[in-house]
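Peer 1: Predicted model and sequence follow; I will ask about them next.
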Amino acid sequence: VINPDDIVDQYGADSLRLYEMFMGPLEATKPWSMSGVEGISRFLGRVWRMIVDERADEVQLNEAVRVTEPDAEQLRVLHRTIKVVTEDIESLSFNTAISRMMEFTNAVGQAETRPPALLEPFILLLSPFAPHLAEELWSRFGQEGLVADAEWPAWDPTALETQTVTIAVQVQGKLRGDIQAPRDMDKEA
């Protein structure tokens, strides 16, 4: 028997909550794993460090969080995340929604510049899963009110479209490489 109070004391309520949703489909029987809780706790730590500078004496935004326009790839990652998380919540596929948020964190967390226009919608997506962390991060951006009261982000289908496509090159049935080509290129080109 695992006492949830012990896990909350050691890892926090958000880690416990997120791990339970990440274990797999709700109807499936899943084995408990403390290493899984630790992994979720590390993920939440990455989310925190993506936004907050933990090296500073006072809690402040990470120096990479700057008010700039997100580039096309960052917008594509954000809108794909919004789409997948929204659809997965509606179908109660929480584990895949969390997985997509992990992918977002891996993609954006390494960027030299992390615009608030990317991070604020991500916090909204995270809030049903890790409400305590999301509220704290929401307040760091100086937002009025609770993140729980904020409007759910909408995804833009045009932002999901890529400008290039990958074409595989095969010679005698063996893959020899691939070519990046503009999406609107004609057949002759």
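Peer 2: Nice, thanks for sending it over. Residues are numbered from 1 along each chain as shown.
Peer 1: Using CSV, list the CA coordinates for the helix or strand of the chain with the lowest mean pLDDT.
Peer 2: Least confident helix or strand of the chain, by mean pLDDT, DSSP states H and E, is helix 157-160 with a mean of 78. What follows is helix 157-160, C-alpha atoms only, in CSV (Å, rounded to 0.1, in the frame of the first residue of the first chain):
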residue,chain,number,x,y,z
PRO,A,157,-5.3,25.1,-38.2
THR,A,158,-3.2,27.3,-40.5
ALA,A,159,-0.4,27.4,-37.9
LEU,A,160,-0.2,23.6,-38.1
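Peer 1: ok, then the element right after it?
Peer 2: strand 164-171 (DSSP states H and E).
Peer 1: which strands and helices sit next to that next one?
Peer 2: Identification of packing neighbours for strand 164-171 by 3 or more C-beta pairs under 8 Å, 6 or more residues apart in numbering; DSSP states H and E yields strand 174-182. Glycine gets a C-beta too; all of them are placed from N, C-alpha and C.
Peer 1: which stretches of this structure form strands?
Peer 2: Per DSSP state E, the chain carries strands over the ranges 52-53, 60-61, 164-171, 174-182.
Peer 1: pLDDT below threshold where in the chain?
Peer 2: For the chain, applying pLDDT under 70 flags the ranges 1.
Peer 1: Please look at T81 and L119 and confirm they touch.
Peer 2: No. Taking contacts as C-beta atoms under 8 Å, T81 lies outside contact range of L119: 11.6 Å.
Peer 1: show me what contacts the closest residue to P153 other than its chain neighbours?
Peer 2: Spatial nearest neighbour of P153, chain neighbours left out: P121 (4.0 Å); criterion: C-beta to C-beta, 6 or more residues apart in numbering. Contacts for P121 (C-beta atoms under 8 Å, 6 or more residues apart in numbering) come out as 78, 82, 153.
Peer 1: ditto for P4
Peer 2: L16.
Peer 1: What number of residues are in the vicinity of G24?
Peer 2: Neighbour count for G24, taken as other C-beta atoms under 10 Å: 14.
Peer 1: From what I see, it and N95 are in contact.
Peer 2: Yes. Using C-beta under 8 Å, G24 is in contact with N95, at 5.4 Å.
Peer 1: circling back: and which of the contacts of P121 is nearest L18?
Peer 2: Of all those, L18 sits closest to I82, with 18.5 Å by C-beta to C-beta.
Peer 1: Spatially nearest residue to the closest one, not counting backbone neighbours?
Peer 2: W155 (3.9 Å).
Peer 1: The one you found: how many residues sit nearby?
Peer 2: 18.
Peer 1: Contact partners for V165?
Peer 2: Shown in contact with V165 (C-beta under 8 Å, 6+ apart): 180-183.
Peer 1: ok now stretch 62-69, how far from the chain's centre?
Peer 2: 17 Å (C-alpha atoms, centre = their mean, to the nearest Å).
Peer 1: Perfect, I'm done here.
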